[in-house]
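1. Sequence and predicted model, in that order:
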Amino acid sequence: MRIDHKYILEMIEPNSHVLDLGCGDGELLSLLMKERNCRAAGIEINEKEIYKCVERGVSVSHGDIDSGLADYSDKRFDYVILNESLQEVLNPEKVIAEALRVGKKAIVGIPNFCNLNARLQIFFLGRVPVTEGLPYKWYNTPNLRFLSIKDFRDFCTERSITIECECAFDAKGKIAFAHNIFSEIAIFLIHK
Amino acid sequence: MSNSQFVETQYFTFAQAPNELVLKSGVKLGPVTLAYETYGKLNADKSNAILIFHALTGDAHAAGLHKDAKNPGWWDPMIGAGRAFDTDKYLIICANVLGGCKGSTGPSSINAATGKPYGLNFPVITIEDMVVSQKHLIDHLGIKKLLAAAGGSMGGLMALEWSVRFPDTLQSAILIATNYKHTAQQIALHEVARQAIMSDPNWNKGDYYGRELPAQGMSVSRMIGHITYMSERSMEEKFGRKLQGKEKVGYDFSHDFEVESYLKYRGASFVQRFDANSYLYLSKALDYFDLSEDTDLVGAFKKVNTKFLIITFTSDWLYPSYQSKDIVKAMKANDVDVSFIEIETSYGHDSFLVEIDGQSKLVSHFLNNIAKKA
């Protein structure tokens, strides 16, 4: 099981109704259906991934996250998941507001653009960092937004969004302290 | 179906007086015959039946070969052993629609009251009437709940209508390249096709049986149809500006371009295989259909508890994706379980007949998962 999926699974109560924005091949939703008995739905932009979702029995809609949430009424889902997809959307502020409108809670997974490795590369090499968690060059990255764990915390504070739980980790496991320096990825459980 | 067994069309007659079928218009029609074919076997608890609906000019012959026929049924690549609609697992049923001309009761059928073909005395029928008539067939076959209903284009409308009208008799529905009501442009294209037929003097107000057929009008209407079934790109890829049997253009009005002779050929062969009045009635049924006429579209899905797979094609300008997206949106508002995909392809509306790879994967996996839960 992917490490991020493992930590997301830990955050989700059994028998929940879950929407995954940018659900990819449906692996996480399929796990949630099996391991947590969740009702699951996904939104995914990539046609090839849709076939895999349907194969897994995951209900999925082909479309983009930026506009896909308008179809749902308020508090329809127990959780709305934005794992590794927020940095790729055009309007993250609106997407988070929408996620918290249609979901009672949201789970947001972000790559930490200010981890130590990235900081050292900027400082010593003077170049935009390329790390395991951020493997792209400036000209081919799908990421439109570059944020750190602190940036996301500030974002939530400014909008009175409560962070219920923050889980920071790298490929080896959870990071105990100084998340913004040592972790490559963070997953937040938030509500409003 | 690649197996060597030939398939045969069967017939089911019902709605004998005084129990005629009451149409949406209030008019009574009976007796009614439906031509249908089945492929595969019904299992012991009758839980593996899938009903397939054909498009405007399709028929009950969806798969396999008729004896002495060269070409298989219209959706043969999708139906058969090991195919998307797997006849090793499911019983597949396909019936010619009410109003059609391939064995089911329609305007070319003999009116028992007069002993002559109905012609324009045939009552106007609707998508709802077609669906209700096929419910009689499913009841007759002893099937209480279908594993799935599936169809493209007009067939998709029927699967959609079935899911709303008989929600408890359906586990899942597959809607391909379809909509829930026709737009002005779609109605307009049908009307041009109808006018082509009705302005042919041989049409004779629908009374042409046993006489010369309104071949010219039928041919023109089919030419229009074929243009709408393709995309600009697929026509360009297939024909471009290629000339037909000549090196240079002729500077006359015989045909120069390959696309011209293709359309003429398609038009001419349509005259042989379809009834002009059926075309008028069925295209009208499409135009009349509006799932949102009594309520808004969201309200239409209130009682629906079917699981849906909805497929569209990027280059289909006749039934554009946004119409299906509206359906998806209304379903989601009702918490209906729906999957939606827009397949990238250049084949236009015809994609549902020719884009087999993607559809096969989706349909076979979707049905697998439905059958598992059944």
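-> Noted; the coordinates are in hand. Residues are numbered from 1 along each chain as shown, chains lettered A, B, ... in the order given.

2. any idea how far B:Gly299 is from the residue in chain A that chain B sits nearest to?
-> Residue of chain A nearest chain B, by Cβ to the nearest Cβ: A:Gly57 (3.8 Å). For every residue, glycine as well, the C-beta is placed using N, CA and C. A:Gly57 sits 29 Å away from B:Gly299, going by Cβ to Cβ, to the nearest Å.

3. got the residues of chain A near chain B?
-> With Cβ under 8 Å from any Cβ of the partner chain as the criterion, chain A comes near chain B at residues A:41, A:47, A:50-51, A:53-55, A:57, A:59-63, A:70-73, A:76.

4. Now with 6 Å, please.
-> Counting by Cβ under 6 Å from any Cβ of the partner chain, chain A comes close to chain B at A:47, A:50-51, A:54-55, A:57, A:59-62, A:71-72.

5. ok, A:Gly57 and B:Gly299, which is more surrounded?
-> A:Gly57 (21 against 14; other Cβ atoms under 10 Å in any protein chain shown).

6. and the residue of the stretch 1-150 of chain B found nearest chain A, how far is that from B:Ala148?
-> The stretch 1-150 of chain B approaches chain A most closely through B:Ala84 (11.9 Å), counting by Cβ to the nearest Cβ. According to Cβ to Cβ, B:Ala84 stands 11 Å off from B:Ala148.

7. Compare those two and say which is more crowded by neighbours.
-> For B:Ala84 versus B:Ala148, the count of surrounding residues by other Cβ under 10 Å is larger for B:Ala148: 26 against 21.

8. middle-most residue in chain A, spatially?
-> A:Asn83 (1.8 Å; Cα atoms, centre = their mean).

9. Okay, B:Ile311 and B:Gln185: tell me how far apart.
-> 21 Å.

10. neighbour-wise, which of the two wins?
-> Between B:Ile311 and B:Gln185, counted using other Cβ under 10 Å, the more crowded position is B:Ile311 (29 against 12).

11. Specify the beta-bridge partners of that one.
-> B:Ile176, B:Ile341 (DSSP bridges).

12. is it true that B:Tyr36 lies in a helix?
-> No - according to DSSP: H, G, I helix; E, B strand; the rest coil, B:Tyr36 belongs to no helix; its state is strand.

13. about what we covered before: who wins for most neighbours among the residues of chain A next to chain B?
-> A:Ile50 (29 neighbours).

14. Assess the claim that that residue and A:Ser61 are in contact.
-> No - counting by Cβ atoms under 6 Å, A:Ile50 does not reach A:Ser61; the two are 8.6 Å apart.

15. mind listing the helices for the chain?
-> Because you didn't say which chain, this covers chain A. Secondary structure of chain A (DSSP state H): helices located at A:3-11, A:27-36, A:47-56, A:65-68, A:92-102, A:116-120, A:149-158, A:179-182.

16. looking at chain B here, not the other one
-> Secondary structure of chain B by DSSP H: the helices cover B:127-140, B:154-165, B:184-198, B:215-229, B:232-238, B:258-273, B:276-288, B:297-300, B:321-333, B:351-354, B:356-373.

17. Quick check: which of those helices is buried the most?
-> helix B:154-165 (a mean of 26; mean count of other Cβ atoms under 10 Å in any protein chain shown).

18. In PDB, list the C-alpha atoms belonging to that one.
-> Output of helix B:154-165 as PDB, limited to C-alpha atoms (Å, rounded to 0.1, in the frame of the first residue of the first chain):
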ATOM      1  CA  MET B 154     -31.900   6.400 -29.600                       C
ATOM      2  CA  GLY B 155     -31.100   3.100 -27.800                       C
ATOM      3  CA  GLY B 156     -29.500   5.200 -25.000                       C
ATOM      4  CA  LEU B 157     -32.700   7.200 -24.700                       C
ATOM      5  CA  MET B 158     -34.700   4.000 -24.300                       C
ATOM      6  CA  ALA B 159     -32.300   2.700 -21.600                       C
ATOM      7  CA  LEU B 160     -32.600   6.000 -19.800                       C
ATOM      8  CA  GLU B 161     -36.400   6.000 -20.000                       C
ATOM      9  CA  TRP B 162     -36.500   2.400 -18.800                       C
ATOM     10  CA  SER B 163     -34.400   3.300 -15.700                       C
ATOM     11  CA  VAL B 164     -36.900   6.100 -14.800                       C
ATOM     12  CA  ARG B 165     -40.100   4.200 -15.700                       C
END
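
19. mean confidence for it?
-> Mean per-residue pLDDT for helix B:154-165: 98.

20. Can you list the buried residues in the one helix or strand in chain A whose mean pLDDT sits lowest?
-> The weakest-scoring helix or strand in chain A, judged by mean pLDDT, DSSP states H and E, is helix A:65-68 (a mean of 82). For helix A:65-68, the neighbour count (16 or more other Cβ atoms under 10 Å in any protein chain shown) marks A:65-66, A:68 as buried.

21. Figure out how far that helix is from the centre of its chain.
-> Offset of helix A:65-68 from its chain centre (Cα atoms, centre = their mean, to the nearest Å): 15 Å.
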